[in-house]
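Take this sequence and fold it.
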Amino acid sequence: MTKAIRFHETGGPEVLKLETVDVGEPGPGQVRVRHTGIAVNFIDIYFRIGRYPAPLPSGLGSDAVGVVEAVGPGVTFLAEGDRVGYMLGPLGAYSEARVMPAEVLIKIPDGISDSTASTLIMKGLTAQYLFRQVYPLKAGDTILYHAAAGGVGLIACQWARALGVTMIGTVGSDEKAAIAKAHGCAHVINYNKESFVERVKEITDGKGVPVVYDSVGKDTLMGSLDCLQKRGTLVSNGTSSGPVIVDTTLLAVKGSIWLTRPAMVDYALPRHNMLAMADELFDLVLRGEIKSEPSQTFALADAAQAHSALESRQTTGATVLIP
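Numbers count the residues shown, from 1 in each chain. Next up, the predicted model:
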């Protein structure tokens with residue numbers, strides 16, 4: 001038996017309950033993982049409030065690191081004691097231990113601590129597919145990235161710097177601006193003090209940018225479109241302020257804009273894609289180009305508090321639950 005967070009109805013953070021569950025032994029193609037760190041991501045909130053449906057009652061979370069403690073039949077590429085992380089598979093990462101499909105597990109290399117890895121699996125690989133696959137960036141590009149001081153944002157700041165990309169980032173406070181700047185964001189805009197559209201036009205001499213990465217959604221949609229060059233690309237990679245609803249005619253009016261709403265699963269699978277993404281990420285970490293540690297930690301039992309902090313935009317960087 002072990003402890004896990006479950007929710008029996010959708011709603012606010014208070015629906016998250018710590019319960020005792022039976023983990024069991026791994027079956028064919030499975031392993032049992034004892035967690036050492038569990039990442040809290042905004043997508044977890046979408047499941048909790050019902051924006052993304054889940055069969056109830058349900059576990060929560062899809063991003064964690066830990067140690068393999070049992071291996072099921074047919075699994076040959078993992079062994080007891082291996083350090084692993086994952087970001088795909090069924091919901092249920094908010095737990096002390098769980099059985100997982102072996103095919104979604106990624107070995108964590110020596111030289112990267114569990115603490116660092118707990119911030120990297122979903123967030124670092126999100127930065128990878130946004131910057132290297134959805135809209136492949138190259139040295140000399142200038143981009144606009146919303147929520148630059150968030151969990152993905154701080155990794156994105158460093159990745160942009162490593163690529164020779166000029167990143168313009170938006171944040172909601174001067175404190176967050178300083179953090180994003182320290183992580184490599186070239187220009188940081190506090191949207192509570194100035195218009196990010198006007199600043200982007202000023203920074204780019206009126207040209208705008210070829211791509212905007214927008215995880216905020218409804219509140220920033222029109223401004224993001226106004227920052228784009230003709231035939232630019234809006235990457236809608238989140239909706240923390242509400243869903244994005246776009247009349248396609250608007251995309252033409254704004255300059256024949258390309259709009260994409262990418263999903264990790266479509267870039268990370270099949271498995272060899274995920275492993276190649278992880279190799280690129282881990283290489284940057286081992287070379288010191290990307291440094292990442294949890295900015296906030298909560299006990300597993302305090303998952304509701306972690307959700308409240310994330311939703312109220314009180315957090316910077318990565319938030320991690322400790323079992």
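
where along the stretch 151-300 of the chain do the strands fall?
With DSSP state E, counting those that start in this stretch applied, the stretch 151-300 of the chain shows strands at 166-171, 187-190, 209-214, 228-236, 258-260, 294-299, listed in chain order.

wait, which of those strands is closest to S115?
For the strands of the stretch 151-300 of the chain, proximity to S115 was assessed by CB to CB; strand 294-299 is nearest, at 6.5 Å. The C-beta positions use only the backbone N, C-alpha and C, and glycine is treated the same way.

which of the residues in the closest one are buried?
By 16 or more other CB atoms under 10 Å, the buried positions in strand 294-299 come out as P294, S295, Q296, T297, F298.

again with stretch 17-26
For stretch 17-26, burial by neighbour count (16+ other CB under 10 Å) applies to L18, V21, V23, P26.

Next step: those restricted to helices.
Among the buried residues of stretch 17-26, no residue falls in helices (DSSP state H).

Please identify which of the strands of the stretch 151-300 of the chain is closest to R287.
strand 166-171 (19.2 Å).

Doesn't Q133 belong to a helix?
Yes. Assessed with DSSP: H, G, I helix; E, B strand; the rest coil, Q133 lies in a helix.

Spit out the contact partners of the nearest residue to it once chain neighbours are set aside.
In this structure, Q133 finds its nearest non-sequential neighbour in Y267, 5.3 Å apart by CB to CB, 6 or more residues apart in numbering. Y267 makes contact with Y129, Q133, V134, N273, M277, according to CB atoms under 8 Å, 6 or more residues apart in numbering.

repeat for L281
Shown in contact with L281 (CB under 8 Å, 6+ apart): L120, G124, L125, A127, Q128, I290.

out of those, who's nearest A318?
L120 (8.4 Å).

how close does that closest one get to L154?
From L120 across to L154, the span is 11 Å (CB to CB, to the nearest Å).

which residues are common contacts for these two?
S292.
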